[in-house]
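A.B. asks: test case, fold it:
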Amino acid sequence: MRAPEWSLRAELSEIAASPGSVGERAQDSLEALGGVVPYAAAWIGVRDPETRQHRPVATQGDTEPLARYFALPEADDDLEQLGLNRLRPPMCARDLPAPLADIRAWGEYLLPAGFQDGFAMGLFSADGRHLGFISLLTDDPAERTTAYRGIVEALRPLLAQAVDRLPSLASVARLARDAVGGGALTRAGRTLPLPGLPEHPLLASGSTVTAVARELLTAPGIHASFLCPFPEAPGGLVRITVLDCGDQPPDHLSAVVLVRRVAVPQGLRLTDLQMFGALLQGWHVEQITARLPGPHPAVRLPRLAAELQLRSPRHLLLHVAREGYYVPPSLWGTSLAWGHAGVLSDRGT
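C.D. replies: Presented below is the predicted three-dimensional model:
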């Protein structure tokens, strides 16, 4: 590899490891590429595997024809037929299996815009996830795009790293040292493994816990937590923490969900945690008394507020909501480990 290419690799390595957003890293990557690989227009887009849509995160030059093409519902089917959704060398326009005019992307969008040649390449993570595409186009028929395919292919891992959010999300998740499991939640409700954190049965795709987590994602940047029964855990409970990460719309990742150890304040009973969950979900007192045994909430709440040295039942509810000391009603079905007199066991917590 020649000196300019070594320099480009070093620059892309630095960009891929930088803390910026996906869009910033992708844009910087295109600008760095332009210093070695000539193009008239360039596009890096991410692919949502759940909707099969392609959205740009960085562009250079006139990419409006590409944007219109990738907005087609059938664009992903075209790419699949051409083999671009698989890990393979960059595909040059002149290598396509039919005349350019007969291929929709070229015949209807790129040729009319004045582009003469170019190549596209899928971007894949180290664990095989299809992250998106890079497309480089030229309007000069004399430009030999094939001469640069090997360079771009060699840089594919770094270009893919620049648009992959999962490693950085995993780094944030590992800051929670009490986490015993975790996953990344997608917009469609699937759970993806987080590198460096074990998977957890409570976070299986479509589980009740992930459904509750999705309900809490009501605003960008939200951070919420709640308790979930888990008989295998010390004390029979775990804390579920939800970190919203859906502030980059092209991405199909919506949240990080962690399963963490928890120590419940002394004296709180299972029915207290359930009562808190019901009140925070807007249940009427009559509904709660019909479902839960024990003292009436009007009696129990002031007593708990005094025991926890909080000024009022209202401050108590604010406290348990902020600290996540409640069990949502949809999670009431699992039994817990109990100590004496129905107080949650604190063994091992």
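A.B. asks: assign a three-state SS to Leu123, would you?
C.D. replies: The assignment at Leu123 comes out as strand when based on DSSP: H, G, I helix; E, B strand; the rest coil.
A.B. asks: show the pLDDT at it.
C.D. replies: Note for Leu123: predicted pLDDT of 96.
A.B. asks: again with Arg347
C.D. replies: Reported pLDDT for Arg347: 31.
A.B. asks: with Ala98 instead?
C.D. replies: As predicted, Ala98 sits at a pLDDT of 87.
A.B. asks: look up how far Ala179 lies from it.
C.D. replies: Applying Cβ to Cβ, to the nearest Å, the value for Ala98 to Ala179 is 51 Å. Glycine gets a C-beta too; all of them are placed from N, C-alpha and C.
A.B. asks: next, the buried residues of stretch 236-248.
C.D. replies: By neighbour count on 16 or more other Cβ atoms under 10 Å, the buried set for stretch 236-248 is Gly236, Leu237, Val238, Arg239, Ile240, Thr241, Val242, Leu243, Asp244, Cys245, Gly246.
A.B. asks: ok, the second one touching Val264?
C.D. replies: Yes. Using Cβ atoms under 8 Å, Leu237 makes contact with Val264 at a distance of 6.4 Å.
A.B. asks: which residues touch the spatially most central residue of the chain?
C.D. replies: Nearest to the geometric centre of the chain sits Leu253, at 2.4 Å (Cα atoms, centre = their mean). Shown in contact with Leu253 (Cβ atoms under 8 Å, 6 or more residues apart in numbering): Arg165, Leu166, Leu169, Ala184, Leu185, Thr186, Arg187, Leu192, Cys245, Gly246.
A.B. asks: take those residues and keep only those in helices.
C.D. replies: Those of the contacts of Leu253 mapping onto helices are Leu166, Leu169, per DSSP state H.
A.B. asks: with distance to Glu286 as extra columns, can I get the contacts of Leu253 in CSV?
C.D. replies: What follows is the contacts of Leu253, written out as CSV (distance: Cβ to Cβ, whole Å):
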residue, distance to Glu286
Arg165, 46
Leu166, 46
Leu169, 42
Ala184, 40
Leu185, 34
Thr186, 38
Arg187, 37
Leu192, 42
Cys245, 39
Gly246, 37
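A.B. asks: so Ala98 and Ala179 - more neighbours on which side?
C.D. replies: Ala179 (21 against 10; other Cβ atoms under 10 Å).
A.B. asks: going by secondary structure, Val37 is in what exactly?
C.D. replies: Per DSSP states H and E: Val37 is located in neither a helix nor a strand.
A.B. asks: circling back: how about the residue nearest to the centre of the chain: what's its closest non-neighbour residue?
C.D. replies: Ala184 (5.3 Å; Cβ to Cβ, 6 or more residues apart in numbering).
A.B. asks: you'd agree that neighbour is up against Val256?
C.D. replies: Yes. Ala184 lies in contact with Val256 (Cβ under 8 Å); the separation is 5.8 Å.
A.B. asks: where do the strands of the stretch 51-200 of the chain begin and end?
C.D. replies: Using DSSP state E, counting those that start in this stretch, the strands of the stretch 51-200 of the chain run over 53-60, 91-92, 117-124, 130-138, 179-186, 191-193.
A.B. asks: neighbours around Gly35, how many?
C.D. replies: By other Cβ under 10 Å, neighbour count at Gly35 equals 11.
A.B. asks: quick one: low-confidence ranges for the stretch 101-250 of the chain?
C.D. replies: In the predicted model, the stretch 101-250 of the chain carries pLDDT under 70 at residues 142-146, 218-221, 247-249.
A.B. asks: picking up where we left off before, any chance of the strands of the stretch 51-200 of the chain in TSV with distance to Gly45 as columns?
C.D. replies: Converted to TSV, these look like this (distance: least, Cβ to Cβ, whole Å):
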stretch	distance to Gly45
strand 53-60	5
strand 91-92	16
strand 117-124	9
strand 130-138	5
strand 179-186	18
strand 191-193	20
